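> Give the three-dimensional model of this entry:
(chains A, B, C and D)
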There are 2 protein chains.
Amino acid sequence: MSRSAGKPRRQSSVADRVYEALKDDIFEFRLIPGDRFSEGEIATRLAASRTPVREALYRLQREGHMDVLFRSGWQVKPLDFERVEELYDLRITLERAAMHKICSHPTPPPILRQLNAIWHPDHPSERAIGSTVRALDESFHCELVAAAGNREMTRIHQEITDRLRIIRRLDFTRPDRVDATYNEHAEILDAISSNQPGAAAEKLTAHIRTSQAAVREITMEKIREAARMHQQNKATP
Amino acid sequence: MSRSAGKPRRQSSVADRVYEALKDDIFEFRLIPGDRFSEGEIATRLAASRTPVREALYRLQREGHMDVLFRSGWQVKPLDFERVEELYDLRITLERAAMHKICSHPTPPPILRQLNAIWHPDHPSERAIGSTVRALDESFHCELVAAAGNREMTRIHQEITDRLRIIRRLDFTRPDRVDATYNEHAEILDAISSNQPGAAAEKLTAHIRTSQAAVREITMEKIREAARMHQQNKATP
DNA sequence: GATGGGCAGGTTGTATACAAGATGACTGAC
DNA sequence: GTCAGTCATCTTGTATACAACCTGCCCATC
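Numbers count the residues shown, from 1 in each chain, chains lettered A, B, ... in the order given. Below you'll find the model as predicted:
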């Protein structure tokens, strides 16, 4: 979620640009967890001064992507799998609460119609493919939480989503996972539509747990592969 | 929670000092929601340069205490009561989840004994009074969440606690509220001890809701009073 | 008197200079 | 060969200078 969203359109700042660039570097594995670098390096590479670079790095630090080592550089936070599990747990807690909140509203939120259109297509041929599914999946969960109507909860959930994106994106590289996602999302929407918050929460939990397990096994291999590529690039500059 | 906690003891930085000072100013109502000021003012007042002041302000902004107005100063975020309600809702969601997590552990967490000693005193005379109760109450809720064992959940809960502190502190100015707090905390601990997560969650929810309602009515008056004092100080410098 | 434009002052955003300290390689002694 | 100490280098933390631009006041004009 861009910080300028909703605002009168703050002109783009260098700090924002650096922030987005670094975040992209992390998400695209150009910066491997564990990589170390200095503010000066980044500043040179992105043609900026240290000041906006520092601002961007501190933002990323607060979001849990970076560590600052006192007077000895920055490090992309090593992937801590225990921490990831905890983020998943927290995510489940928030999304379960969202189910109950949505169902306790007097009228169902309008977003449900759009979500149904996406995840309950008239024909299977209308299903999205590839990286689009990843974006749709993310937006499905975010929209549901947002529909609960608690902006603070939505904000925290968004923060968690940002931090988990780096590994969730691996979930849709297998066709069977895409199929499962469609079926499970559809079931969750059905439960909400028939005002069964308990059932919706249970299905949601199972859905996230399944995805979590699938991602877990893929992640390790990807990390290793990325590290291998990285090492190669270093060896032959 | 100090950022240096757990680390090898990073020497205290100017930025940290400014951050704590500003946070105190907000919590102690020396900075009223809505107040505007510039980075230069703060830097002069706290005998620092603009750089660490900016870092502190951006931290406070991310935590929801400040707004930055593009090239026209900073503002203490006006108290948005809807936002406060949402924070309370989120807090309840997290603490309820903590109850279930605690009860699902094979062995009860050791912290329970300490909490029981505090909130289940052998004699009523051992009850704390005044501002101590506020600190104890805050730590009661934080410790319970921490006992659930999810560090991310604990971190978010701590953030919420920080943001709500400014108004929760008003809850213990009335003796009847102190009594109620003791009784309710004791009941919650009993429910946990007898492994009844559902009951614990319900009692906790009721406890927080009661406190929320009590605080709500006090807050309005305090804010008005503070604004009055503030105006007076401005009029007679 | 009301209104619009220009200007001065102030504010944040960015770049750069300097300070304090951590790191690691090198050198010398044993 | 090994280990300890020293020092150059590099890093972040902080201060300050400069740029871009927003705001509100003042004055001229209608």
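
> ok, now which ones touch residue A:137?
A:168, A:171-172, A:181, A:185 (CB atoms under 8 Å, 6 or more residues apart in numbering or on different chains). For the C-beta atoms, the positions are set from N, CA and C on the backbone; glycine is no exception.

> With neighbour count and distance to chain B added, can I get those residues in TSV?
Shown next, in TSV, are the contacts of residue A:137 (neighbours: other CB atoms under 10 Å in any protein chain shown; distance: CB to the nearest CB, whole Å):
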residue	neighbour count	distance to chain B
A:168	20	16
A:171	22	20
A:172	23	24
A:181	22	24
A:185	23	22
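
> Mind putting the residues you listed into TSV with pLDDT and secondary structure?
What follows is these, written out as TSV (pLDDT from 0 to 100; DSSP: H, G, I helix; E, B strand; the rest coil):
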residue	pLDDT	secondary structure
A:168	83	helix
A:171	78	helix
A:172	79	helix
A:181	92	helix
A:185	97	helix
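
> Would you tell me whether the helix or strand where residue A:20 lies gets close to DNA strand D?
In the assignment (DSSP states H and E), residue A:20 maps to helix A:14-27. No. Shown here: helix A:14-27 not in contact with DNA strand D (CB under 7 Å from any atom of the strand), separated by at least 11.2 Å.

> and which of the contacts of residue A:137 is nearest to DNA strand C?
residue A:168 (30.5 Å; CB to the nearest atom of the strand).

> Pick out the residue nearest the middle of chain A.
Nearest to the geometric centre of chain A sits residue A:165, at 2.8 Å (CA atoms, centre = their mean).

> Once you drop chain neighbours, what's closest to that one?
Leaving aside its chain neighbours, residue A:165 sits nearest to residue A:27 (6.3 Å; criterion: CB to CB, 6 or more residues apart in numbering or on different chains).

> With residue A:219 instead?
With CB to CB, 6+ apart as the criterion, residue A:219 has its nearest non-adjacent residue at 5.1 Å, and that residue is residue A:167.

> dump the residue contacts of that neighbour.
A:79, A:84, A:215, A:219.

> Wait, the second one touches residue A:168, no?
Put plainly, it is residue A:84. No. Applying CB atoms under 8 Å as the test, residue A:84 and residue A:168 come out as separate, 10.1 Å apart.

> Could you check how far the longest helix along chain A is from the centre of its chain?
Using DSSP state H to define each element, chain A has its longest helix at helix A:197-235. Here helix A:197-235 is found 12 Å from its chain centre; the criterion is CA atoms, centre = their mean, to the nearest Å.

> circling back to that earlier point, and the helix holding residue A:20, which residues are buried?
Neighbour counts over helix A:14-27 (16 or more other CB atoms under 10 Å in any protein chain shown) mark A:14-16, A:18-19, A:21-23, A:25-26 as buried.

> same question, stretch A:189-199
Neighbour-count burial for stretch A:189-199 flags A:189-192, A:197, A:199 (criterion: 16+ other CB under 10 Å).

> on that earlier part again, give me the distance between the residue nearest to the centre of chain A and residue A:117.
According to CB to CB, to the nearest Å, residue A:165 and residue A:117 sit 24 Å apart.

> likewise residue A:212?
Distance, residue A:212 to residue A:117, by CB to CB: 27 Å.

> more crowded one of the two?
Under the neighbour definition other CB atoms under 10 Å in any protein chain shown, residue A:212 and residue A:117 were set side by side, and residue A:212 has more, 20 against 11.

> what comes up buried for stretch A:129-149?
Applying 16+ other CB under 10 Å to stretch A:129-149 flags A:133-134, A:136-138, A:140-148 as buried.

> Run the chain-centre distance for it.
With CA atoms, centre = their mean, you get 10 Å for stretch A:129-149.

> Could you tell me which residues within the longest helix of chain A count as buried?
For helix A:197-235, burial by neighbour count (16+ other CB under 10 Å) applies to A:197, A:199-201, A:203-204, A:207-208, A:211-212, A:214-216, A:218-219, A:222-223, A:226, A:230.

> Now pLDDT and distance to residue B:111 too, for the contacts of residue A:167, in TSV please.
Output for the contacts of residue A:167, formatted as TSV (pLDDT from 0 to 100; distance: CB to CB, whole Å):
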residue	pLDDT	distance to residue B:111
A:79	79	29
A:84	91	25
A:215	82	33
A:219	73	33
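
> which of the residues you listed lies closest to DNA strand C?
Distances from DNA strand C to those, taken by CB to the nearest atom of the strand, are shortest for residue A:79, at 21.8 Å.

> Packing partners of the lowest-mean-pLDDT helix or strand in chain A?
Using mean pLDDT, DSSP states H and E, helix A:197-235 stands out as the lowest-scoring helix or strand of chain A, at a mean of 82. Packing partners of helix A:197-235 (3 or more CB pairs under 8 Å, 6 or more residues apart in numbering or on different chains; DSSP states H and E): helix A:81-104, helix A:151-168, helix A:175-193.

> Direction-wise, compare that helix with helix A:81-104 and give the angle.
With axes from the mean of the first three to the mean of the last three CA atoms, to 10 degrees defining the directions, helix A:197-235 sits at 150 degrees from helix A:81-104.

> could you give the angle of helix A:197-235 to helix A:151-168?
Taking the same axes, to 10 degrees, one finds helix A:197-235 and helix A:151-168 inclined to each other by 50 degrees.

> got any ranges where chain A has weak pLDDT?
For chain A, residues meeting the criterion pLDDT under 70 lie at A:1-11, A:230-237.

> Quick one: name the residues of it near DNA strand D.
Neighbours of DNA strand D within chain A, by CB under 7 Å from any atom of the strand: A:11, A:37-41, A:50-51, A:54, A:68-74.

> contacts with DNA strand C among those residues, please.
With CB under 7 Å from any atom of the strand as the criterion, those include A:50-51, A:69-72 near DNA strand C.

> any idea which of those is closest to DNA strand D?
DNA strand D lies nearest to residue A:71 out of those, by CB to the nearest atom of the strand, at 4.1 Å.

> which SSE is the closest residue in space to residue A:13 that isn't next to it in sequence in?
Spatially, and ignoring its direct neighbours in sequence, residue A:13 is nearest to residue A:52 (6.9 Å; CB to CB, 6+ apart). Using DSSP H and E, residue A:52 sits within helix A:50-62.

> Could you check that helix and say which residues are buried?
A:52-60.

> Against residue A:172, how distant is residue A:212?
Distance check for residue A:212 against residue A:172: by CB to CB, it reads 14 Å.

> just to revisit the earlier point, the residue nearest to the centre of chain A contacts residue A:24, correct?
No. Judged on CB under 8 Å, residue A:165 makes no contact with residue A:24 at a distance of 11.2 Å.

> Would you mind giving the domain segments of chain A?
As assigned by automatic domain parsing, chain A contains the domains A:14-78, A:81-224.

> got those domains as TSV, with distance to residue B:152 columns?
Shown next, in TSV, are these (distance: least, CB to CB, whole Å):
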stretch	distance to residue B:152
domain A:14-78	9
domain A:81-224	4
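
> Relative to residue B:101, which of the ones you listed is closest?
Among these, the nearest to residue B:101 by CB to CB is domain A:81-224 (8.2 Å).

> measure that closest one end to end?
Counting by CA to CA, to the nearest Å, you get 14 Å between the two ends of domain A:81-224.
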